[in-house]
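Asks: fold the following, please.
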Amino acid sequence: MKKNIFFSLNLFLITTLMASLVLSGCIANFFSSGKVAKQSKAGAGVLRLENLPYPLRPGEVLEGDYVPPTTPTDTTVSSGPTEATLSSEPFGPPPASETEVAVLETKFGKIIIELNDRMAPIHSENFRKNCRTGFYTETTFHRVVPGFLIQGGDINSKDDDRNNDGFGYPGYTLPLEKKLKHVRGAVGAGRKMDKVNPERRSDGTQFYICLADAPFLDGKYTVFGRVVAGMNVVDRITQVPRDERDNPIHRIEMRATLMKYREAMANP
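Replies: The predicted structure is shown next:
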């Protein structure tokens with residue numbers, strides 16, 4: 001009889017302990033779920049993808065896999081010219097020596113771009129035209145988002161009013177050519193957001209260079225070229241001090257020309 005009572009008492013204690021553990025887990029899950037719900041609610045105002053590639057504002061987050069870096073900008077970087085150097089990266093085989101390339105000259109060095117006439121013929125020829133006519137001379141890289149992209153080519157960036165940079169319009173747009181992917185070094189065309197531009201037509205002059213793969217932009221923006229040398233210059237540009245609109249404090253002007261690939265590489 002005593003053994004039965006002792007066994008029943010142990011069984012009762014074990015059952016009570018198990019029930020307490022289960023209840024504790026439920027309570028923990030309840031509070032944990034509450035935290036997640038609050039985080040989701042707090043992040044409800046994320047920037048929609050169709051607004052890209054126009055840079056994010058401080059604290060904004062993308063819908064998708066990309067989260068903008070939060071590392072503070074290095075404000076110790078000099079704004080003056082540095083020695084021009086070139087470096088190639090493995091974006092595939094280099095262009096043939098006689099291939100015509102676009103060369104962007106900046107105070108940090110040269111960026112050499114191969115245009116893709118087969119996959120994006122309209123945008124490639126338009127970019128050549130802008131280089132040939134000298135349109136890009138004295139325009140700036142007016143938006144810089146480390147880990148994402150640098151953007152330039154706006155006619156408004158030629159004047160001294162920083163507030164109008166990025167809002168210039170050349171008077172024409174180009175149809176979407178969406179065969180190429182957004183990888184590091186890809187060169188694409190800026191455009192207005194979907195709500196006012198449902199056909200996703202590109203701006204005639206503004207362009208951007210990807211600092212990292214951005215597959216969430218594939219098919220939504222036109223990629224028409226790739227950087228074949230000078231990504232170290234692109235990376236250098238991302239280190240400059242910027243204002244709250246991601247516009248570099250000190251102007252980063254460019255001068256664009258066309259030349260043979262062998263000539264571009266022979267004269268860093």
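Asks: C-alpha only now, for contacts and for neighbours.
Replies: Noted.
Asks: quick one: terminal-to-terminal distance for stretch 201-219?
Replies: By C-alpha to C-alpha, to the nearest Å, the extent of stretch 201-219 from end to end equals 12 Å.
Asks: low-confidence ranges, the stretch 51-200 of the chain, go.
Replies: Scanning the stretch 51-200 of the chain with the threshold set as pLDDT under 70 gives 51-92.
Asks: show me where the stretch 51-200 of the chain has its helices.
Replies: For the stretch 51-200 of the chain, helices defined by DSSP state H, counting those that start in this stretch occupy the ranges 121-132.
Asks: now do whichever helix or strand V228 is part of: which elements does it pack against?
Replies: Secondary structure from DSSP states H and E places V228 in strand 223-229. Other helices and strands packing on strand 223-229, by 3 or more C-alpha pairs under 8 Å, 6 or more residues apart in numbering; DSSP states H and E, are strand 109-115, helix 121-132, strand 186-189.
Asks: again, 6 Å this time
Replies: If you count contacts as 3 or more C-alpha pairs under 6 Å, 6 or more residues apart in numbering; DSSP states H and E, strand 223-229 packs onto strand 109-115, strand 186-189.
Asks: can you give the strand pairings for the shortest one, parallel or anti for each?
Replies: Partner strands and pairing direction for strand 186-189 (DSSP bridges) are strand 207-210 (antiparallel), strand 223-229 (antiparallel).
Asks: those into TSV, with extra columns for mean pLDDT and mean neighbour count?
Replies: TSV is the format used below for the strands paired with strand 186-189 (pLDDT from 0 to 100; neighbours: other C-alpha atoms under 10 Å):
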stretch	mean pLDDT	mean neighbour count
strand 207-210	98	25
strand 223-229	96	26
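Asks: could you export the helix or strand following the strand holding V228 as PDB, CA atoms only?
Replies: Counting by DSSP H and E, the next helix or strand C-terminal to strand 223-229 is helix 231-237. Written as PDB, here are the backbone C-alpha positions of helix 231-237 (Å, rounded to 0.1, in the frame of the first residue of the first chain):
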ATOM      1  CA  MET A 231      36.000  48.500 -60.300                       C
ATOM      2  CA  ASN A 232      38.600  49.600 -57.700                       C
ATOM      3  CA  VAL A 233      37.800  53.100 -58.800                       C
ATOM      4  CA  VAL A 234      34.000  52.400 -58.300                       C
ATOM      5  CA  ASP A 235      34.800  51.000 -54.800                       C
ATOM      6  CA  ARG A 236      36.900  54.100 -54.100                       C
ATOM      7  CA  ILE A 237      33.900  56.400 -54.900                       C
END
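Asks: which residues are in contact with helix 231-237?
Replies: Helix 231-237 is contacted by residues F108, G109 when judged by C-alpha atoms under 6 Å, 6 or more residues apart in numbering.
Asks: tell me the helix or strand right after it.
Replies: strand 255-260.
Asks: tell me which residues of that following strand come out buried.
Replies: For strand 255-260, the neighbour count (16 or more other C-alpha atoms under 10 Å) marks R255, A256, T257, L258, K260 as buried.
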